[in-house]
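*Asks:* need a 3D model of the following:
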Amino acid sequence: MNPKKPRSVGASSPLNGFGKQDAELKRKRKVAEITQALNATPVDVAALRRMAISEGGLLTDEIRCQVWPRLLNVPVSSIPEPVERENNKDYNQVLLDVQRSLRRFPPGMPDEQREGLQEELIDIILRVLHKNPQLHYYQGYHDIVVTFLLVLGERLATALVEKLSTHHLRDFMDPTMDNTKHILNYLMPIIERVNPEVYDFMQEAEVGTIFALSWLITWFGHVLSDFRHVVRLYDFFLACHPLMPIYFAAVIVLYREEEVLDCECDMASLHHLLSQIPQDLPYETLISRAGDLFVQFPPSELAREAVQQRSQQTASSTFKDFELASAQQRPDTVLRRRRQEQQQPSLDGQTGALVAVQPTARRFVRLAVMGLTVALGAAALAVVNSALEWAPKLDLQFFP
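*Replies:* Numbering: from 1, shown residues only. The predicted structure is shown next:
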């Protein structure tokens, strides 16, 4: 008689099947919660933000077509205006960039379909620039626009890109790169607070922050090859403060700690290493970590170091969360949930180290309210600000 083989946990394993069933149940539950938030009167934007930030994001492009406009408070009934290309000062540069954007389209897409989308991409960009002459085109802008085009189609993409260009991306579209460089200056203070050893190594190598420029100005669309990862990040960024991409850039560097410290301590070597972004990042873990860092080190606490002898405010500093209503938000529920989480030490999945419980109640409450900021946006702070006089403001504060 042959000995009985041990059962392996593979594709046909009941355990694996239960895992798939559980994932599918979670997915269905999330779709139901998103649908409920969309059907509420008024639309429960706070819940949509939570869904966009939480694990898996908004799940499908069909859902994104409904939720992204709500996150930006954009009406979707407008009809794009016709575009006159030849008389547009940016047409030639836009045309060159779009022609070089082949890899941003799905593999295997028929040439005719791709070429049609490229024409639409050009029109969206030129339409937004013509309507907003204060905006200046930059190379990499098309990487953001093409993401919205592929998800939403030309009509919706035009409306959302215009709102995004006058808010989240506004500083990148100045005549000079001064404000863009200033936003990059937030990267090193975040790294210094989390890992002084990595910070000191980067300072000694004099690598600067230019390696993260393309990450920031394209919302990582230019450097990630898998479109699924790009739209997952866009879910996250659209639901958060405009500076969240710089926090995500910081967690990528921090995640690569061993690679950084093993690298030659010189500018060229370290710049080359950091600019080659890995494609197999644990995106959900990093998204969660970026949110944690925003809670622990909000922009207002980093501003003095980031300003570096400059007192000029960026457009991000006047971000007002697009007039999102806060009437239906329940911060007390969030606070109670976070209190329970604080009382239970958890295991950090990356390091295996226990996460320490905050030592004081005041520290806990502050983190809880700042956690509200990440999950619900600036409007949530208006609900709790009267009760907690120290509640942090989401707006950036710069110092002379």
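*Asks:* from now on I want contacts and neighbour counts done on CA atoms only, so please keep to that.
*Replies:* Fine.
*Asks:* tell me how many other residues surround the nearest residue to Phe172 once chain neighbours are set aside.
*Replies:* Nearest residue to Phe172 in three dimensions, chain neighbours excluded: Thr180, at 5.5 Å (CA to CA, 6 or more residues apart in numbering). The burial count assigned to Thr180 is 19, neighbours taken as other CA atoms under 10 Å.
*Asks:* with Asp111 instead?
*Replies:* Taking other CA under 10 Å as the definition, Asp111 ends up with a neighbour count of 10.
*Asks:* ok so, going back, the residue nearest to Phe172 sits in which helix or strand?
*Replies:* Thr180 is located in helix 178-184, with elements delineated by DSSP states H and E.
*Asks:* so which elements touch that helix?
*Replies:* Here helix 178-184 is seen to pack against helix 299-307 when contacts are counted using 3 or more CA pairs under 8 Å, 6 or more residues apart in numbering; DSSP states H and E.
*Asks:* same for the helix it packs on, what does it pack against?
*Replies:* Using 3+ CA pairs under 8 Å, 6+ apart as the contact definition, the elements that helix 299-307 packs against are helix 178-184, helix 187-194.
*Asks:* show the average pLDDT along that helix.
*Replies:* When pLDDT is averaged over helix 299-307, the result is 82.
*Asks:* buried ones in that helix?
*Replies:* Across helix 299-307, burial judged by 16 or more other CA atoms under 10 Å covers 299-304, 306-307.
*Asks:* just stretch 28-42 next, same as before
*Replies:* Of the residues in stretch 28-42, 30-31, 34-35, 37-38 count as buried by neighbour count, 16+ other CA under 10 Å.
*Asks:* and which of those residues is nearest to Leu281?
*Replies:* Looking at the buried residues of stretch 28-42 and their distance to Leu281, the nearest is Lys30, at 23.9 Å (CA to CA).
*Asks:* hmm, that closest one is touching Ala52, no?
*Replies:* No - in terms of CA atoms under 8 Å, Lys30 does not count as a neighbour of Ala52; the distance is 10.3 Å.
*Asks:* tell me where the stretch 51-200 of the chain has helices.
*Replies:* In the stretch 51-200 of the chain, the helices defined using DSSP state H, counting those that start in this stretch lie at 61-71, 91-99, 111-131, 141-152, 154-165, 178-184, 187-194, 196-205.
*Asks:* any idea how far Arg85 is from the most centrally placed residue in the chain?
*Replies:* What sits nearest the mean C-alpha location of the chain, by CA atoms, centre = their mean, is Phe237, with 2.6 Å. Between Phe237 and Arg85 the distance is 31 Å, computed by CA to CA, to the nearest Å.
*Asks:* ok, now Thr158?
*Replies:* According to CA to CA, Thr158 stands 16 Å off from Arg85.
*Asks:* these two: who's more crowded?
*Replies:* Between Thr158 and Arg85, counted using other CA under 10 Å, the more crowded position is Thr158 (27 against 16).
*Asks:* wait, what's in contact with that one?
*Replies:* Contacts of Thr158 were listed using CA atoms under 8 Å, 6 or more residues apart in numbering, and they are 80, 124, 127-128.
*Asks:* what's the answer for Phe211, then?
*Replies:* With contacts defined as CA under 8 Å, 6+ apart, the neighbours of Phe211 are 271-272, 274-275.
*Asks:* how about a cut-off of 6 Å?
*Replies:* Ser275 (CA atoms under 6 Å, 6 or more residues apart in numbering).
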